[in-house]
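Visitor: structure for the following, please:
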Amino acid sequence: MIGEFATLTKDMCACVDKACAEAVNTAFDKWIERNANAKGSQQEQQRAKTLAEQYTGCMMKVMSAEQPAPKPETTP
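Guide: Residues are numbered from 1 along each chain as shown. Model (predicted):
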């Protein structure tokens, strides 16, 4: 269970565009569905928390990089 989450996190962190991040997120959603009732040891829960933080950070980085830069305001 944690191994697949680690792989998904690695894949998300390797993404350089929104399309990649969305594809990984779709796979992540399916993983969540398959593991909805899973219970892990305290150590596995801590590892999952760490992976979740990494996954989210990488996803936010990719998604924010896709946003166009705001245009500077010009004064007449």
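
Visitor: which residues does the most centrally placed residue in the chain contact?
Guide: Compute the mean C-alpha point of the chain, and by Cα atoms, centre = their mean the closest residue is Y55, 3.5 Å away. With contact taken as Cβ atoms under 8 Å, 6 or more residues apart in numbering, Y55 is in contact with F5, L8, T9, M12, C13, F28. (Each C-beta comes from the backbone N, C-alpha and C, glycine too.)

Visitor: could you double-check that N25 sits in contact with M59?
Guide: Yes. Judged on Cβ atoms under 8 Å, N25 makes contact with M59 at a distance of 6.9 Å.

Visitor: how about low-confidence regions in this structure?
Guide: The chain contains residues with pLDDT under 70 at 66-72, 74-76.

Visitor: make it 80
Guide: Scanning the chain for pLDDT under 80 picks out the ranges 1, 65-76.

Visitor: helix or strand for the residue nearest to the centre of the chain, which one?
Guide: Per DSSP states H and E: Y55 is located in helix 42-65.

Visitor: distance from the helix or strand harbouring K10 to the middle of the chain?
Guide: For K10, the host element (DSSP H and E) is helix 2-14. Mean-position distance between helix 2-14 and its chain equals 8 Å (Cα atoms, centre = their mean, to the nearest Å).

Visitor: right, I'll leave it there.
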